[in-house]
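Chemist: need a 3D model of the following:
(one chain, ligands or ions: 2)
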Amino acid sequence: MDDLATGKVIAVNGPIVKATGLRGIGMFDVAEVGSDRLMGEVIRLDKDVTIIQVYEDNTGMRPGDEVISHCRPLSVLLGPGLIGNIYDGIQRPLVGLCEMCGSYIRKGITISPLAVDRKWEFQPLADAGTEVRGGSLIGEVRESPLVLHRVLLPPGVSGTLTGIAPAGQYTIEEEVFTLDTGSGTYSGKLASYWPVRRPRPAGTRKKPSIPLITGQRIIDTFFPIARGGTAAIPGGFGTGKTMTQHALAKWCNADIIVYIGCGERGNEMTEVLTDFPRLIDERNGRPLIERTVMIANTSNMPVPAREVSIYTGVTIAEYYRDMGYGVAVMADSTSRWAEALRELASRLGDMPAEEGFPPYLGTRLAEFYERAGRVETLSGREGDITIIGAVSPPGGDFSEPVTQNTSRFVRCFWALDKTLADARHYPSISWIDSYTEYLSDIGQWWENLDNEWLSIRNELMNILVEDHRLQQVVKLVGSDALPPSEQYVLFCAETIKNVFLQQNSFDPHDKFCSPEKQLKLLHTLVCLYRRGLELVQAGLSVKDIAGLEVVSEIVRLKSEISNREIEKIDAYTLRLEQGLAALKIPTTGE
Ligand SMILES: Nc1ncnc2c1ncn2[C@@H]1O[C@H](COP(=O)(O)OP(=O)(O)OP(=O)(O)O)[C@@H](O)[C@H]1O
Ligand SMILES: [Mg+2]
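Modeler: Ligands and ions are numbered 1, 2, ... in the order given. From the prediction side, this is the model:
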């Protein structure tokens, strides 16, 4: 039996409510406040005073209103039916809410996060009489054509399996197994609750060694992220954060995507909601929605629900990780989340630190990103969570607190550049300001595909860095003043930008570039650089090389050649080699 605590509101400050009399209530417990029984969460305890943040619009709430609590922590319901669903920050299904109240959500609505009447085909995979513990496999449910849902014993529960239901159709509320825990009977269902703020336990952490393939060339080749890694996408207004997150959510090779639209404009989220059901995964021909869970807490929804939405999202991610899946979490934008934290902190009267953010901003960000990782799960499988957070620094100034704190905890930084975005060079990820710390972790994976990968990648990166340096000189003296070999570096850098770095999210062939296609393009580019440089050093002019017909043709390879016919790129590389070989080097002297 749960304890029931009751109390009275003594003060209301926006969504922050103070109450007294709630005996036995603990931190992060759920409380229902006022006659509408609005849902809130205990965020602070101060002697007899309980401070609650209310997750719904609480206009009209006042001192004297009743508060009740079952003294249970704020939790998410985890079970089959999460996939394809769209939730608000506190896991209320938006489609269900809309059916109940239309487009204006009434206060105090409670609705199950998972359909309670839907039957799932359960396949038992354990025998009565066996000893089981947290993470043990009990059975399976086909949740979507793309996701086989493993029904595992929740962490912290153990005992002897005393009964298991035969294969058949069950709802999430029906008992499918029973356990003798030694101190009582545990009734197991297809779904169970887990507190959002407590990371789900896993076994040993493993070193990330497999890249998350995103199909975005600048990321995969130049600034790769490992599965189980963390990345930030900082960028000023309109530089392409959301587009980049969408591209990753659509095309990255994670098994499950958790997309958290956090404080962004409603219409951006609508785009996701209308886009995803129509998009087909190239790898298996299935709609992408069949592997996606969405959380939408847009800018017009209550601020506290935005604060909790990232924890709701990452807890769902951990649940699928525990089944042995690779999960990618996109959070757009963590700056809007941090603003929610700032607003709540100021209402709590916390001492403001930099730019009004509370001093614990860094700790909270760290706690979120720490939930990423590649682990051995409790059931002995391997699972991972990759977290990618967009950051929107005001005025595009990366020295502000959210960007600075985030960069301390992520190992991959894809800095968006306003100049590139203005020039409509997309993705506008800067090759100068971005970095990754995963190169040595995942290099071997690429080297297994092609043992020249790292050397070519580094060679092209050096051209881009050298180009950046030379551009400063060009600004002062013009490119004609540079020696031919340096002019050739400028030309090659320009070609790399056009052929490789620019990628059009709207082009059917270019929106996703397979690793194999990336490798082919890298070989074409490095051939152009190496052979061409020899010729330039021998006296040929950059113009002669730039004038070759095949050089202008390679710019179109990315959009003309699909991922399935990449051998065609070899023919272009061969023509390039032949074209270069046929160029006549002018004879000097006599
Ligand atoms: N990869 C891309 N391919 C083509 N167009 C792009 C790409 N990235 C961004 N754009 C263009 O830039 C516009 C703005 O991008 P986006 O909405 O992603 O920016 P944002 O950084 O999320 O903006 P905000 O700061 O408002 O959240 C898009 O509407 C689109 O026209
Ligand atoms: Mg955006």
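Chemist: and the stretch 401-550 of the chain, which residues reach ligand 1?
Modeler: Applying CB under 6 Å from any ligand atom, we find that the stretch 401-550 of the chain lies next to ligand 1 at 426-427, 504-506. From N, CA and C alone the C-beta is placed, and that goes for glycine too.
Chemist: need the max-distance pair from those.
Modeler: P427 and F506 (12.4 Å; CB to CB).
Chemist: name the residues contacting each of these two.
Modeler: Common contact partners of P427 and F506 (CB atoms under 8 Å, 6 or more residues apart in numbering): none.
Chemist: how about the helices in the stretch 351-500 of the chain?
Modeler: 361-369, 401-409, 418-422, 439-449, 453-477, 484-496 (DSSP state H, counting those that start in this stretch).
Chemist: buried residues in the second one, which are they?
Modeler: Residues 401-407, 409 are the ones in helix 401-409 that count as buried (16 or more other CB atoms under 10 Å).
Chemist: if we can go back for a sec, now the residues of the stretch 401-550 of the chain next to ligand 1 as a markdown table including distance to ligand 2 and neighbour count?
Modeler: Formatted as a markdown table, those follow (distance: CB to the ion, whole Å; neighbours: other CB atoms under 10 Å):
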| residue | distance to ligand 2 | neighbour count |
| --- | --- | --- |
| Y426 | 14 | 21 |
| P427 | 13 | 26 |
| N504 | 18 | 14 |
| S505 | 14 | 17 |
| F506 | 17 | 8 |
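Chemist: which among the residues you listed gets closest to R371?
Modeler: Nearest to R371 among those: P427, at 26.0 Å, using CB to CB.
Chemist: the closest one and I111: what is the separation?
Modeler: Relative to I111, P427 is positioned 38 Å away (CB to CB, to the nearest Å).
Chemist: ditto for Y360
Modeler: Per CB to CB, Y360 is found 32 Å from I111.
Chemist: do the same with G443
Modeler: Counting by CB to CB - G443 and I111 are separated by 48 Å.
Chemist: ok, I52 next?
Modeler: Distance, I52 to I111, by CB to CB: 21 Å.
Chemist: domain ranges for this structure, per the record?
Modeler: 5-73, 205-440, 450-582 (automatic domain parsing).
Chemist: for I52 and I111, indicate the residue with more neighbours.
Modeler: When neighbours are counted by other CB atoms under 10 Å, I52 and I111 differ, and I52 comes out ahead with 29 against 14.
Chemist: test my guess that that one contacts T20.
Modeler: No - the pair I52 / T20 is not scored as a contact, 11.4 Å apart, by CB atoms under 8 Å.
Chemist: name the residues contacting each of those two.
Modeler: With CB under 8 Å, 6+ apart as the test, I52 and T20 reach no residue in common.
Chemist: next, the residue most central in space within the chain: secondary structure please.
Modeler: Nearest to the mean C-alpha position of the chain, by CA atoms, centre = their mean, lies M330 at 2.4 Å. Following DSSP: H, G, I helix; E, B strand; the rest coil, we place M330 in the strand state.
Chemist: distance of it relative to W251?
Modeler: 12 Å.
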